[in-house]
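K.L.:
model this:
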Amino acid sequence: MNSVLCEQEKPVKGRILSILILVIAIAFLFYTEEPLLSRLIFLLLSLGVFGYSVSYKINRDFNNQKLFSLFGFPIFETKLDLEYPDYISIFTTSFSLDNEWGAVSAIGTKERHSKIVIRFFSGNKNFTLYKTEKYGKAYKKANELSELLGVEIYDRSKE
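P.N.:
So this is what the prediction gives:
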């Protein structure tokens, strides 16, 4: 194994909104009299919002990338500058989001989620690499990263 891919999960509200926009685009395609080109462009844009994802690719040589993908196929990548970790930590944390702006506030202004998080720690610096709701996925990903980089794992999720 030469690399580990850590795909970032979309927030629930992001998934709901992208599905809603996709359904509207499909309905717009079949039930309006607008020019076909504008209906197809709207459908393609909504498919892009629906299928968009971000991933971190951690390589054995630590030449890491941030990948922007469409339905799992990378379309753009940038260099991900990270310090080599002293250790990897898995722990449970709670995230709170305020949605006081735009269309998202119609779904709710406060959002609270409990997640299992994998972080790289280098000295007093850290980088959140992966968030999920499933402990098994986080533990497997942390073990892959530990094996790839030869770094110790501290599992604080059960404490």
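
K.L.:
output the below-cut-off pLDDT ranges for this protein.
P.N.:
In the predicted model of the chain, residues 95-112, 158-159 satisfy pLDDT under 70.

K.L.:
90 - rerun?
P.N.:
Counting by pLDDT under 90, the ranges of the chain that qualify are 1, 8-15, 17, 32-34, 72, 92-116, 123, 132-135, 155-159.

K.L.:
check the offset of the longest helix anywhere in the chain from the chain's centre.
P.N.:
Secondary structure of the chain read by DSSP state H shows that its longest helix is helix 12-31. On the basis of Cα atoms, centre = their mean, to the nearest Å, helix 12-31 sits 20 Å off its chain's mean C-alpha point.

K.L.:
how about stretch 9-23?
P.N.:
Distance of stretch 9-23 from the chain centroid (Cα atoms, centre = their mean) equals 13 Å.

K.L.:
okay, buried residues for it please.
P.N.:
Of the residues in stretch 9-23, those scored as buried under the neighbour-count criterion (16 or more other Cβ atoms under 10 Å) are E9, P11, L17, S18, I21, L22. C-beta here means a position set from N, CA and C on the backbone, and glycine is covered the same way.
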